[in-house]
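> The following block contains a protein sequence and its predicted model.
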Amino acid sequence: QVQLVESGGGVVQAGGSLRLSCAASGRTFSNYVMGWFRQAPGKEREFIAAMGWSGGNTYYGDSVKDRFTISRESAKNSMYLRMNNAKPEDTAVYYCAAGRPYALARRDQYEYWGQGTQVTVSS
């Protein structure tokens, strides 16, 4: 059974940092794209970042470019999202996802999803 489990969410002050983790299990993800999305109340799920499980280029949504960093540690079957210079508008539930999308920002093209972890940025 494939599982993606997020952790590391919580409350952070504006300007602070947080690192989210996503532990993957249940299959080999070597030819998969791993992504992070977020969803704020009343809004659609938004693409944040993506990269290939085997490494390579990284991609970011415009709202987090230059502040967030996606990375992975294959030996631990884990993916991470480092959030720097957090802003109140970053408040959302953050999800990790795995798939083989043609378009990285298309959430409907990801096969597997975690349950999400809440991030709240206080001003």
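Received it, and whenever you're ready, just let me know what you need. Residues are numbered from 1 along each chain as shown.
> Quick check, central residue of the protein?
Residue closest to the mean C-alpha point of the chain, counted by C-alpha atoms, centre = their mean, is Trp36 at 2.3 Å.
> For it, which non-adjacent residue is closest in space?
Ile48 (4.2 Å; C-beta to C-beta, 6 or more residues apart in numbering). C-beta here means a position set from N, CA and C on the backbone, and glycine is covered the same way.
> tell me which element the one you found falls in.
Remark: Ile48 resides in strand 46-52, with elements defined by DSSP states H and E.
> So what touches that strand?
With contact meaning C-beta atoms under 8 Å, 6 or more residues apart in numbering, strand 46-52 is reached by 32-40, 57-61, 63-64, 68-72, 79, 81, 92, 94, 104-105, 107.
> Parallel or antiparallel, which strands does the one helix or strand in the chain whose mean pLDDT sits lowest pair with?
Every helix and strand of the chain was ranked by mean pLDDT, DSSP states H and E. The lowest is strand 55-60, at a mean of 91. Strand 55-60 pairs in its sheet with strand 46-52 (antiparallel), by DSSP bridges.
> what about the partner strand, average pLDDT?
For strand 46-52, mean pLDDT rounds to 96.
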